[in-house]
Every structure is written in C-alpha cells, then in structure tokens.
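Q: compute the structure for the input listed below.
(one chain, ligands or ions: 1)
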Amino acid sequence: LADRDGKIWMDGEMVDWRNAKIHVLTHTLHYGCGAFEGVRAYKTAKGTAIFRLQEHTERLFNSAKILRMQLPFSKEEVNEAQKAVVRANKLDSCYLRPLAWIGSEKLGVSPKGNQIHLMVAAWAWGAYLGEEGLKRGIRVKTSSYTRHHVNITMTQAKAVSNYTNSILANMEAVDDGYDEALLLDSSGFVSEGAGENVFVIKGGVVYTPDLSAGALNGITRNTVFHICKDLGIEIVQKRITRDEVYIADEAFFTGTAAEVTPIRELDRVPIGAGSRGPVTEKIQSAFFDIVNGRNPQYAHWLTAV
Ligand code: PMP
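A: Numbering: from 1, shown residues only. Next up, the predicted model:
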C-alpha cells in the first residue's frame, strides 16, 4: 500500500503518497494512543459523494476528545481534507482513512508537549468481506477474545489501541477457517464483530446489542435504524446472548467497510436457512440505494467531492 502513485493529505498539505512518512519514535507507534475513522465514498449519478461525512468527522473529534487529544484542525478543515483527497487521487468509489496521532518530540508515556498530527488517505477498496459474502452471507466464529470492557479501554473512541483485540479475534477466526469473529463482552453477552456491529432478526423484529456491551457506536448501525423505521420494521437495542444468535432467523454485520453483510453461520450452526435472509436482503438493498444516491430522502447524507 505504501509504494504507489497518488496523494495523501498530511497536516494540511497534499504530500506524494510515497513521501507520506513519520519517524520511528512517533509516540502513537509506541503506546497506541491515536484516533481514526473509516469512511466511504460512492459513485452516484450526481458524481462521487462521501457518505455521512459530517458524522464521521464528528466521531473523529469525539474519539480525540475521549483520548484527550486536541486536533489542530477544525471540523470544516477535516471535511475539506477528505473531499480534497478523493479529488486529488481521481477516485470514485473508495475508502477514506483519516488518522490522528501523537508526534515524536518526546517519548515518555505522558504525551504532553507533543504535536498532534492528522492525515487522510483514500484508495479503492471493494467489499470488505467479499462480494460473495454480501450475497450468500459469511461464516462467523465466537471469539475466545473478549471485547473491551467499557472502563478498560474507551469503547466509544475509534482508538488505534482498541484494534489489537480486533486483530487477534479476526486472525483466530480466519486461522480456524471462518470469515470473521464475533466478540462477547466481559459478561458474556454479544458485543460486536472485529470491525462490525451485529444484528439478529427473530420473528420479524431486528435486535442489536445496546452500547453498554462495549460496541462502537457505528454509523452504519445508525443508518440501519433509519432504514428499519422507513420500512416499518421494529428495531430493539438489548442484551443478546450467544445462543440467541444460533436460534435467530437471520443475522448480519454492519460497518463502513463491511456495509451490510449477512451472517449465515455462527460456530458451524446455520442461522435460519443458512443463507442471506429476506429481511436482511431488504435492509441491505435499502442501504445500497441510500449510499449510491438512489434514495432522495437521504441526499443530505451524501457530500459531493
Ligand atoms: N465496530 C468496530 C470495532 C469497528 O471497527 C467498526 C468500523 N468502524 C464498526 C463497529 C462499525 O462502525 P461504522 O458503521 O461507523 O463503520
């Protein structure tokens, strides 16, 4: 990913992709205090547009606030940076990665006095869990790793350090022949995927864990709330047990990268018919209509670059 043509926005300037480098004594590299976002832009009939840009920028600033990092840019500047990166790389559908980190002035645990930096990169990135996964559903394994407790790491921050747990869970699941991991919280209730929020459907009602289970407050999760309301589907946030997933009619993951990906199996137990379910398909299709600019009701969620 490092050796390619293109531009990356770094601290207010467009830098050649290959020159977008930092020093090995960067504080965040050593102690993991950093905040990032995952954002997508879609090719719409009116041109390339970033989906829910404002909400992603708000979450980045909230993550930074939780981590006590003062970003040296305004939200407007960060919005403009994201639009500029898509344009500079002549991308249409793509993934954007803003990341804030602490600089290399000194390396004590206390970051006080170090500069806060921000970069935004963007590149083409297809279906995170595969095109096939979007249609047929993916196979998921309950992780042996527990999702962060809400007072051990800050689970509402999209913090760099939170992702070691996600990496371990994902690697374990993939090494065991699955597509993705499902993590339980420290009380054993369903929390989320390694990089996705989780939903189950039972008797026509959609359920998702409430945020006390330590899941990230996903923007796609919120989009699904709107979709369900529009489709007249009841949606409930509650504690969910692992066996409730086994006996659900349908299940799916959501995320900016994962979009709406059906789950067809958990721990080798087929969920419902063991394929993408009809309610999931409806929600998924409504989601793709919105992000691709085919639903005028949500035109305000699409920012032209
Ligand atoms: N949980 C985790 C741990 C994630 O990394 C992500 C991806 N950002 C999500 C949930 C989904 O969030 P969103 O829909 O905002 O991308």
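
Q: how about the residues of this structure by the ligand?
A: By C-beta under 6 Å from any ligand atom, the residues of the chain that approach the ligand are 38, 166, 192, 195-197, 215-216, 218-221, 254-256. To be clear about C-beta, it is placed using only N, CA and C from the backbone, and glycine gets the same treatment.

Q: where does the stretch 1-150 of the chain have low pLDDT?
A: Judged by pLDDT under 70, the stretch 1-150 of the chain has no weakly predicted residues.

Q: how about the residue of it found nearest the ligand, what does it touch?
A: Closest contact between the stretch 1-150 of the chain and the ligand, by C-beta to the nearest ligand atom, is at residue 38 (4.7 Å). Neighbouring residues of residue 38 by C-beta atoms under 8 Å, 6 or more residues apart in numbering: 56, 95, 96, 97, 158, 195, 255, 256, 257.

Q: do that again at 6 Å, thanks
A: Neighbouring residues of residue 38 by C-beta atoms under 6 Å, 6 or more residues apart in numbering: 256, 257.

Q: count the residues that sit near residue 7.
A: Residue 7: 21 surrounding residues under other C-beta atoms under 10 Å.

Q: what does the one 5 residues further on give?
A: For residue 12, the count of nearby residues is 10 (other C-beta under 10 Å).

Q: and it, how close does it get to residue 78?
A: For residue 12, the distance to residue 78 equals 11 Å [C-beta to C-beta, to the nearest Å].

Q: residue 284 too?
A: 30 Å.

Q: now swap in residue 60 and tell me
A: Taking C-beta to C-beta, one finds residue 60 at 7 Å from residue 78.

Q: tell me which residues are up against the helix or strand harbouring residue 281.
A: Taking DSSP states H and E as the criterion, residue 281 maps to helix 278-291. Applying C-beta under 6 Å, 6+ apart, the contact partners of helix 278-291 are 42, 51, 201, 227, 250, 252, 260, 262, 295, 298.

Q: and the strands in the stretch 51-200 of the chain?
A: Secondary structure of the stretch 51-200 of the chain (DSSP state E, counting those that start in this stretch): strands at 94-102, 116-123, 138-146, 180-184, 190-193, 197-202.

Q: ok now the helix holding residue 281, how far from the chain's centre?
A: Distance, stretch centre to chain centre, for helix 278-291: 18 Å (C-alpha atoms, centre = their mean, to the nearest Å).

Q: for the helix or strand just after that helix, packing partners?
A: Once the chain leaves helix 278-291, the next helix or strand it forms, by DSSP H and E, is strand 302-304. Packing partners of strand 302-304 (3 or more C-beta pairs under 6 Å, 6 or more residues apart in numbering; DSSP states H and E): strand 47-51.

Q: quick one, the strand it packs on and strand 94-102 angle?
A: 50 degrees (axes from the mean of the first three to the mean of the last three C-alpha atoms, to 10 degrees).

Q: pull out the buried positions in strand 47-51.
A: 48, 49, 50, 51 (16 or more other C-beta atoms under 10 Å).

Q: spit out the contact partners of residue 57.
A: Counting by C-beta under 6 Å, 6+ apart, residue 57 makes contact with 75, 78, 79.

Q: contacting residues around the last one?
A: Applying C-beta under 6 Å, 6+ apart, one finds that residue 79 lies in contact with 53, 57.

Q: tell me where the stretch 201-305 of the chain has helices.
A: 219-231, 242-246, 278-291 (DSSP state H, counting those that start in this stretch).

Q: can I get those helices in JSON lines with mean neighbour count and mean pLDDT?
A: Shown next, in JSON lines, are the helices of the stretch 201-305 of the chain (neighbours: other C-beta atoms under 10 Å; pLDDT from 0 to 100):
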{"stretch": "helix 219-231", "mean neighbour count": "18", "mean pLDDT": "98"}
{"stretch": "helix 242-246", "mean neighbour count": "16", "mean pLDDT": "98"}
{"stretch": "helix 278-291", "mean neighbour count": "19", "mean pLDDT": "98"}
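
Q: dump these to CSV, plus distance to residue 118.
A: CSV is the format used below for the helices of the stretch 201-305 of the chain (distance: least, C-beta to C-beta, whole Å):
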stretch, distance to residue 118
helix 219-231, 19
helix 242-246, 38
helix 278-291, 25
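
Q: between these, which gets nearest to residue 131?
A: Residue 131 lies closest to helix 278-291 among the helices of the stretch 201-305 of the chain, at 12.5 Å (C-beta to C-beta).

Q: report the angle between that closest one and helix 219-231.
A: Angle of helix 278-291 versus helix 219-231, following the same axes, to 10 degrees, is 110 degrees.
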